[in-house]
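> Okay, predicted coordinates and the sequence, questions at the end:
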Amino acid sequence: MRSYAGMGLALLSALAVMGCGSRSSNGGPSDPAEPAFSAARFGADSAQVTNPYFPLGPGRTWIYTVETEDGTETDVVEVLDETRTVAGVTSRVVHDRVFLDGLLMEDTRDWYAQDSDGNIWYLGEEVTNYEYDDEGGLVGTDDEGAWEAGVGGAEPGILFKAQPVVGDSYRQEFLEGKAEDMARVEAVNVAVELENGTVYEGCVRTLEWNPLEENSDAYKYYCPDVGVVKEELEDLVELRAVFQQGAEGVPDFSAAVFTDPSTVDHPYFPLEPGATWTYTAETEDGVETTVVEVLDETRVVNGIECRVVRDRVYLGDGPPLGGEDLLIEDTHDWYAQDDAGNVWYMGEQVVNYEYDDEGNLLATDSEGAWEAGVNGAMPGYLMPASPAAGMSYYQEFYEDEAEDMAYVVATGIGVELEDAEYTECVQTLDWNPLEPDVLEYKYYCPDVGMVKEEVITDEETVELAGSTLL
């Protein structure tokens, strides 16, 4: 069981188990008895958790959010390429972090293993809970909720059965008085629709509870090849995206063929020389304006002739500070389109500007700059040739410097701005593992490009204000 320190958090980690009730596992006709735990039940591949309702392939990452009275909570669940031996069983390590408006509230490492029959066992967790004062200063930490099978009387439980049967209830963990989570299969072959319109078929609904807690029964929905997509509690927890980190998530640049790479005519990301886009956003610092211009220039990057796009970001609210907007970032990006129609992001030159409170320039830096083929940096897709819901890919990869990823949430959707409407658009969720609590929806529309960006973790919206393509 997990509990959060401070701030009265309501989000349940998507892999955690919560709820309450007086139900028990009796082993009757509709409630089959659970197998007894033994290390002999597990083969040499016990850390390979392949149950389709709870797949734990290394590098896979789920992101969940929930809106609470304290703010937006974000849960980032990452399967590590690590194992740990617990109670004699080699187990997969899953890293689970919960953030509240940028503050790390809980950092957990959970241990799971799959037995030879396909049951997934939960063998314990290391927990660090963080407590903050009203100003966000760290007050302290604790490990409440931590347990390990075979230590101090703790026993493992089953996180998910190999063959879910309606009415089957089972213990998911047990450390008396501390971790007593239970689950019962309520329905199978269920369709689940999320708030963003995504529909999953063939799912299993469970009721999960903890006898130590009152009035917190939680329904969870496990869907094939995805895992947990939704949790119904006092506040609704929903899956935002599933990313594949590591080598599997980086597009295969070596397989791409480039005949006329600097001609980028992808309908969702057209880069005609001379085209410009202007975006505006209301931020806590004032109005922010971004001007994107496709230059009549090319640059050879990693052996490929790329189209150069200049991107300038200004800060000003009408304008402030001496009558001129402040240039806060000036970037030259490089893009190329392969013969299959994929648009590759090949790198960027960056100049960031820092000012004092009076608008005087203090310093500049090039943080975020990278180039494909230099120091191990690899290109990624800015936009795949045929975006499809559920796709996940790196847009860039320069370890610890530039690791932006995208997940296609939906295609064929409508987007309404203050003074324009668009149809047949693509919605992505962009994420960076280096800033795990920041999530952005982006909307790309045919023959225009990006028209809207929503930073869902701080309610900032960037909208297209004008374009030469309109």
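That came through fine.

> Show me the domain layout of the protein.
For the chain, automatic domain parsing gives the domain ranges 39-243, 247-467.

> Dump the ones you listed into a markdown table; add mean pLDDT, distance to Ala33 and mean neighbour count as well.
(C-beta placed from N, C-alpha, C; glycine too.) Listed next are these as a markdown table, based on pLDDT from 0 to 100; distance: least, C-beta to C-beta, whole Å; neighbours: other C-beta atoms under 10 Å:
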| stretch | mean pLDDT | distance to Ala33 | mean neighbour count |
| --- | --- | --- | --- |
| domain 39-243 | 93 | 9 | 18 |
| domain 247-467 | 92 | 37 | 17 |
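
> Would you mind measuring from Gln48 to Asp365?
For Gln48, the distance to Asp365 equals 44 Å [C-beta to C-beta, to the nearest Å].

> Now render the domains of the chain as CSV, adding distance to Pro32.
Putting those into CSV (distance: least, C-beta to C-beta, whole Å) gives the following:
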stretch, distance to Pro32
domain 39-243, 6
domain 247-467, 33
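
> Quick check: Val287 vs Val351, distance?
Distance check for Val287 against Val351: by C-beta to C-beta, it reads 21 Å.

> what does Pro224 give?
Taken as C-beta to C-beta, the span from Pro224 to Val351 is 47 Å.

> Okay, strands next: where are they in the stretch 1-150 of the chain?
60-68, 71-86, 89-100, 103-114, 120-132, 138-142, 147-148 (DSSP state E, counting those that start in this stretch).

> Now distance to Glu424 too, for those strands, in JSON lines please.
Formatted as JSON lines, the strands of the stretch 1-150 of the chain follow (distance: least, C-beta to C-beta, whole Å):
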{"stretch": "strand 60-68", "distance to Glu424": "26"}
{"stretch": "strand 71-86", "distance to Glu424": "29"}
{"stretch": "strand 89-100", "distance to Glu424": "34"}
{"stretch": "strand 103-114", "distance to Glu424": "39"}
{"stretch": "strand 120-132", "distance to Glu424": "40"}
{"stretch": "strand 138-142", "distance to Glu424": "47"}
{"stretch": "strand 147-148", "distance to Glu424": "51"}
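
> For Thr280, find the nearest of those strands.
strand 71-86 (22.8 Å; C-beta to C-beta).

> State the paired neighbours of the closest one in the sheet, together with their directions.
Here strand 71-86 is paired, per DSSP bridges, with strand 60-68 (antiparallel), strand 89-100 (antiparallel).

> do you know which of these lies nearest Pro261?
Of all the strands paired with strand 71-86, strand 60-68 sits nearest to Pro261, with 30.7 Å by C-beta to C-beta.

> Tell me how far the closest one lies from the chain's centre.
Centroid separation between strand 60-68 and its chain, computed with C-alpha atoms, centre = their mean, to the nearest Å, is 7 Å.

> partner residues bridging the nearest residue to His95 once chain neighbours are set aside?
Closest residue in space to His95, ignoring its immediate chain neighbours: Glu78 at 4.6 Å, by C-beta to C-beta, 6 or more residues apart in numbering. Beta-bridge pairing for Glu78 (DSSP bridges): Thr61, His95.

> and Leu464, what is it in contact with?
Residues near Leu464 by C-beta atoms under 8 Å, 6 or more residues apart in numbering: 277-279, 417, 420, 448, 450-452.

> now do 10 Å
The contact partners of Leu464, by C-beta atoms under 10 Å, 6 or more residues apart in numbering, come to 277-280, 290, 292, 415, 417-420, 422, 443, 445, 448-453, 470.

> now stretch 360-369, how far from the chain's geometric center?
Taking mean C-alpha positions (C-alpha atoms, centre = their mean), stretch 360-369 and its chain are 29 Å apart.

> What are the contacting residues of that stretch?
321-322, 326-327, 329-332, 347-356, 377, 396, 398, 401-402, 404.

> Swap in 8 Å and give it another go.
347-356, 401-402.

> what's the answer for stretch 63-74, then?
Counting by C-beta under 8 Å, 6+ apart, stretch 63-74 makes contact with 7-11, 14, 75-77, 98-101, 105, 228, 231, 235-243, 429, 431, 436-437, 439, 456-458, all of which sit outside it.

> Which stretches in the stretch 301-450 of the chain count as strands?
So, for the stretch 301-450 of the chain - with DSSP E, counting those that start in this stretch - the strands run 304-315, 326-337, 343-355, 361-365, 370-371, 378-383, 392-394, 396-397, 405-416, 421-431, 439-445, 449-455.

> of all those strands, which lies closest to Gly197?
Ranked by C-beta to C-beta, the member of those that lies closest to Gly197 is strand 405-416, at 6.1 Å.

> Leaving out sequence neighbours, find the closest residue to Pro433.
Leaving aside its chain neighbours, Pro433 sits nearest to Glu403 (5.3 Å; criterion: C-beta to C-beta, 6+ apart).

> Isn't Ser116 up against Ala40?
No. In this structure, Ser116 is not within contact of Ala40 by C-beta atoms under 8 Å, at 9.2 Å.

> Quick one: distance of stretch 37-54 to the chain centre.
Relative to its parent chain, stretch 37-54 has a centroid offset of 26 Å by C-alpha atoms, centre = their mean.

> so Trp431 touches Asp437, yeah?
No. Using C-beta under 8 Å, Trp431 makes no contact with Asp437, being 9.7 Å away.

> Can you tell me the closest non-neighbouring residue to the most centrally placed residue in the chain?
Compute the mean C-alpha point of the chain, and by C-alpha atoms, centre = their mean the closest residue is Ile63, 3.5 Å away. Closest residue in space to Ile63, ignoring its immediate chain neighbours: Arg240 at 4.7 Å, by C-beta to C-beta, 6+ apart.

> same thing with Lys452?
Leaving aside its chain neighbours, Lys452 sits nearest to Tyr443 (4.4 Å; criterion: C-beta to C-beta, 6+ apart).
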